[in-house]
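Asks: Return atomic coordinates for the entry below.
(one chain, ligands or ions: 2)
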Amino acid sequence: MSHPNKQDDLEPLRHSCAHILAQAVQSFFPKVKLAIGPSIKDGFYYDFDLENPLTEDDLSKIEKKCLQIIDEGQTFSGRKVTKQEAQDYFKKKGEPYKLEILEGLPDDNIWLYTNGPFTDLCRGGHVESTCDVKAFKILNVAGAYWRGSEQNPMLQRIYGTAFYSQKDLDHYLNRLEEAKKRDHRKLGRDLDLFSFHEESPAIPFFHPNGMLLYNELIRYWRSEHEQEGYQEIRTPMILKDELWKQSGHYDHYKDHMYFTHIDKIQFAIKPMNCPGSTLVYRNTQRSYRDLPMKLAELGLVHRHELSGVLHGLFRVKAFTIDDAHIFCYGDQIESEIAGVIKLILRMYRTFGFNDISISLSTRPKESMGSDEIWNKATQGLEAALKHNQIHYEVNEGGGAFYGPKIDFEVTDSIGRDWQCGTIQLDLMMPERFQLEYVGQDGKMHRPVMVHRAVFGSVERFYGILVEHYGGSFPLWLAPVQIVLATISEKQEEAAGKIQFKLIDAGIRSKLDIRSEKINYKIRESELKKIPYVGVIGAKEIESNMVSVRVKGGKDLGPIPIDSLIQKLKEEITKKA
Ligand SMILES: [Zn+2]
Ligand SMILES: [Zn+2]
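Replies: Numbering: from 1, shown residues only. Ligands and ions are numbered 1, 2, ... in the order given. Alright, predicted model coming up:
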């Protein structure tokens with residue numbers, strides 16, 4: 001039987017491995033308290049409450065034991081039990097976490113699954129036998145709070161992965177190795193792009209190099225959006241509580257918001273930009289002739305996240321959303337959505353993201369608004385996708401409670417998927433904020449509101465780019481585009497003059513006039529992943545040239561300075 005290794009197929013395999021792992025851990029540590037063991041995107045984990053931290057030795061022992069269990073070919077069998085039976089069983093075993101999970105389960109659907117000597121509380125979804133696991137590996141152990149809350153005990157989470165073949169596992173491990181080298185937290189440090197500090201946990205500090213890259217991204221974003229008729233706005237970062245009550249954030253999102261008092265009035269620090277933009281829309285009476293109105297905002301938002309889920313720039317407590325809100329009327333939905341899709345795809349391709357998956361999420365069970373308006377909105381999104389011959393998958397019932405949405409996922413240079421852009425139709429906010437426009441009939445109508453982002457979180461997208469490029473940015477994004485390295489101090493003055501020419505041409509350069517050997521300077525520029533080195537010696541100055549080396553070792557030989565500037569400018573414009 002062939003297994004295409006789709007996520008759906010791997011899930012039972014990996015979830016079964018969580019059982020195998022728990023059995024192995026229990027065999028060495030009989031007093032262990034078991035928490036949960038789900039399958040996840042790249043493997044599985046199990047959370048354990050153990051007296052002592054696990055060592056490398058422990059992990060390798062546990063892995064050996066797992067392989068032994070796999071060899072034994074233990075079969076999985078389930079039986080339905082009453083809640084009382086399950087409670088008695090786990091009470092006797094001394095498993096407080098299982099008892100806590102049981103409390104939240106419905107009385108009539110409780111299953112215990114057994115393989116070999118091991119029994120666990122579980123909904124099912126296993127392979128037939130442990131010997132179906134053809135490739136297994138324990139990856140690492142990390143701390144994780146029970147149920148993700150700092151108030152709860154810290155458990156030890158063992159991560160592992162499994163595949164239907166050794167080849168697939170090897171492929172995955174290679175990718176992991178490559179990902180480690182590209183870790184944006186490491187590269188951020190090595191290339192001096194950004195840092196994190198205890199003084200503001202999980203909020204990044206961007207350094208001069210990092211800001212050059214950040215600003216290039218924003219410059220590109222602005223030029224693309226201006227071309228598409230977006231108008232940029234900026235709204236306050238702190239807004240009164242009333243607004244958040246009106247928007248519904250207070251009811252649904254309060255736990256993730258920060259608050260502050262000013263003159264005894266309570267304000268919230270915005271977690272989203274939408275309510276602010278509705279105030280701008282509402283400030284003036286709008287007519288159908290003003291629509292579509294596309295208000296863009298690079299808005300810095302703050303969200304309180306549990307510290308367990310924070311990870312470099314990928315999950316931070318403050319970030320910029322490259323937001324825009326499109327206010328339009330029903331007949332404009334399709335063309336507006338089509339416009340956004342084109343913009344998003346074009347921008348992704350600029351970064352070499354050519355493998356892009358698109359999904360359409362439809363009405364969830366709990367949602368607001370009539371069927372009629374949902375159908376109209378969903379059809380609008382669908383029509384925009386179909387008419388542009390865009391392949392997409394339908395995520396039935398996966399929409400937001402206020403409207404259907406389209407999500408974009410890009411695949412990076414080492415094959416990892418990242419969800420970035422989104423287009424969401426909103427049927428609620430225009431209602432809550434009483435947004436209106438004067439129609440052709442002279443009467444007041446409710447506009448449709450579209451929320452959309454290309455990057456999503458600019459900071460997260462930045463982190464993705466660092467890993468996608470492995471720090472070797474294309475010329476237009478590179479913080480330093482060329483190093484001017486002198487062979488001796490005699491060329492110092494001339495090198496300075498060349499740098500002025502580069503500055504005039506808008507090219508970011510750095511002088512290296514230290515009394516180091518030229519090969520040392522070239523090697524260092526290579527390590528810093530700077531695209532070009534211009535070597536300046538006596539010969540070069542005599543002929544008004546610079547000897548150019550490309551990152552990676554290619555030698556372009558001497559090039560006249562003006563031609564070099566021309567060449568760099570062309571490459572920057574092409575964004576290749
Ligand atoms: Zn299970
Ligand atoms: Zn919004």
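Asks: tell me, which helix in the protein spans the most residues?
Replies: Of all the segments assigned as helix in the chain under DSSP state H, the longest by residue count is helix 7-28.
Asks: Run through this protein and note the low-pLDDT ranges.
Replies: 1-8, 307-309 (pLDDT under 70).
Asks: just to revisit the earlier point, what residues of the longest helix of the chain count as buried?
Replies: By neighbour count, with 16 or more other CB atoms under 10 Å as the criterion, the buried positions of helix 7-28 are 10-27. The C-beta positions use only the backbone N, C-alpha and C, and glycine is treated the same way.
Asks: what's in contact with the helix or strand hosting residue 66?
Replies: For residue 66, the element it lies in under DSSP states H and E is helix 56-72. Around helix 56-72, the neighbours that count as contacts under CB atoms under 8 Å, 6 or more residues apart in numbering are 17, 20-21, 23-25, 27-28, 54, 116, 130-131, 133, 136-138, 140-141, 158, 160.
Asks: Dump stretch 54-66 to PDB, restricted to CA.
Replies: Output of stretch 54-66 as PDB, limited to C-alpha atoms (Å, rounded to 0.1, in the frame of the first residue of the first chain):
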ATOM      1  CA  LEU A  54      14.700  14.400  31.100                       C
ATOM      2  CA  THR A  55      18.300  14.100  30.000                       C
ATOM      3  CA  GLU A  56      19.700  13.300  26.500                       C
ATOM      4  CA  ASP A  57      20.400   9.800  27.900                       C
ATOM      5  CA  ASP A  58      16.800   9.400  29.000                       C
ATOM      6  CA  LEU A  59      15.600  10.400  25.500                       C
ATOM      7  CA  SER A  60      17.800   7.900  23.700                       C
ATOM      8  CA  LYS A  61      16.700   5.200  26.100                       C
ATOM      9  CA  ILE A  62      13.100   6.200  25.500                       C
ATOM     10  CA  GLU A  63      13.600   6.200  21.700                       C
ATOM     11  CA  LYS A  64      15.100   2.700  21.900                       C
ATOM     12  CA  LYS A  65      12.100   1.500  23.900                       C
ATOM     13  CA  CYS A  66       9.700   3.000  21.400                       C
END
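Asks: List the buried residues of that stretch.
Replies: If you call a residue buried by 16+ other CB under 10 Å, then stretch 54-66 has these buried ones: 54, 58-59, 61-63, 65-66.
Asks: What of stretch 71-89?
Replies: Within stretch 71-89, the residues that count as buried by 16+ other CB under 10 Å are 74, 76, 86-87, 89.
Asks: cool, stretch 348-363 as well?
Replies: Buried residues in stretch 348-363, defined by neighbour count with 16+ other CB under 10 Å: 348, 351-353, 356, 358, 360-363.
Asks: and the residue of the stretch 101-250 of the chain found nearest ligand 2, how far is that from residue 237?
Replies: Per CB to the ion, residue 247 is where the stretch 101-250 of the chain lies closest to ligand 2, at 9.9 Å. Distance from residue 247 to residue 237, counting by CB to CB, to the nearest Å: 15 Å.
Asks: So for the two, which sits in the more crowded spot?
Replies: Higher neighbour count among residue 247 and residue 237: residue 247, with 21 against 16, using other CB atoms under 10 Å.
Asks: need the contact list for the more buried one.
Replies: Listed by CB under 8 Å, 6+ apart, the contact set of residue 247 reads 274-275, 429, 432-433.
Asks: ok, and which of these reach ligand 2?
Replies: With CB under 5 Å from the ion as the criterion, the contacts of residue 247 include residue 274 near ligand 2.
Asks: Which members of the contacts of residue 247 are the farthest-apart pair?
Replies: With distance counted by CB to CB, no two of the contacts of residue 247 lie farther apart than 274 and 432, which are 10.3 Å apart.
Asks: Please identify which of those two sits among more neighbours.
Replies: Residue environment comparison for residue 274 versus residue 432 gives the larger neighbour count to residue 274, 22 against 16, counting by other CB under 10 Å.
Asks: For stretch 424-434, which outside residues touch it?
Replies: Stretch 424-434 is contacted by residues 246-248, 274-275, 278-279, 282, 327, 333, 368-369, 373-374, 377, 380-381, 400-406, 435, 446-452 when judged by CB under 8 Å, 6+ apart.
Asks: now swap in stretch 37-45 and tell me
Replies: Looking at what lies outside stretch 37-45 - CB under 8 Å, 6+ apart - the contacts are 7, 10-15, 17-19, 21-22, 46-47, 120, 139, 157-162, 172.
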